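J.: With the input below, show me the fold.
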Amino acid sequence: MHRDETVKVLNDLVQTSEDGKMGFAEAAKDATTPDLKNMFHQRSVDCGTAVIELQALVMSLGGTPQESGTVEGALQRGWAKVKATVGDANIGMLEVVESAEDKAKAAYAKALTGKLPQQVRSLVQRQYDGAVRNHDLIRELRDSYKAKKQAVAN
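T.: The predicted model follows:
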């Protein structure tokens, strides 16, 4: 893969990770339980670390790193705010965050289909594995919160 193409792939992932950082930070503010607040906060920190790593790699390749997320990410965060006001706020937040993590997984998977230099591939693979873990954790928490709510309703 040509250097410019690699930089573009990395900058797309910077935006994806920046969206994750901001989305998790918003979710941490809106969550109503300490465990969710802490988990969302930690995921935001992890995404922030991913952004820094990706930006450093872009600079090492002679590129100019992206410094912001996407419009779609901003819209997703707005939707999360709306969804959190309807029904169970924590379940709504977990559903929106899981959807965002689906997009992050897809972005990383797409990046891994290209011919990336080995140092880039290693970093992208490690961050992809983290996105998969985040997604699975969020899905499990969502299912757990739904089950608890259903048990209370019955």
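
J.: Can you pull the phi/psi pair for T32?
T.: For T32, the backbone dihedrals (degrees, to the nearest 10) come out as phi -110, psi 0.

J.: you'd agree it is up against A89?
T.: Yes. T32 is within contact range of A89, at 5.6 Å (criterion: CB atoms under 8 Å). Where C-beta positions appear, they are placed from N, C-alpha and C, glycine not excepted.

J.: Comparing the two, which residue is more hemmed in?
T.: Neighbour count, other CB atoms under 10 Å: between T32 and A89, A89 has more, with 17 against 11.

J.: What is the longest helix of the chain by residue count?
T.: helix 118-153 (DSSP state H).

J.: Report all helices and strands that that one contacts.
T.: Packing partners of helix 118-153 (3 or more CB pairs under 8 Å, 6 or more residues apart in numbering; DSSP states H and E): helix 3-30, helix 34-60, helix 89-112.

J.: between those helices, which gets nearest to Q125?
T.: Checking the helices and strands packed on helix 118-153 against Q125 by CB to CB gives helix 89-112 as the closest, at 6.5 Å.

J.: could I get stretch 94-108 in PDB with only the CA atoms?
T.: Below are the C-alpha coordinates for stretch 94-108, written out as PDB (Å, rounded to 0.1, in the frame of the first residue of the first chain):
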ATOM      1  CA  LEU A  94     -25.800   0.700  25.900                       C
ATOM      2  CA  GLU A  95     -27.800   0.100  22.700                       C
ATOM      3  CA  VAL A  96     -26.400   3.300  21.100                       C
ATOM      4  CA  VAL A  97     -22.900   2.600  22.300                       C
ATOM      5  CA  GLU A  98     -23.100  -1.000  21.000                       C
ATOM      6  CA  SER A  99     -24.200   0.300  17.600                       C
ATOM      7  CA  ALA A 100     -21.200   2.700  17.500                       C
ATOM      8  CA  GLU A 101     -18.900  -0.100  18.400                       C
ATOM      9  CA  ASP A 102     -20.300  -2.100  15.500                       C
ATOM     10  CA  LYS A 103     -19.200   0.700  13.200                       C
ATOM     11  CA  ALA A 104     -15.700   0.900  14.900                       C
ATOM     12  CA  LYS A 105     -15.300  -2.900  14.400                       C
ATOM     13  CA  ALA A 106     -16.300  -2.500  10.800                       C
ATOM     14  CA  ALA A 107     -13.800   0.400  10.200                       C
ATOM     15  CA  TYR A 108     -10.900  -1.600  11.700                       C
END
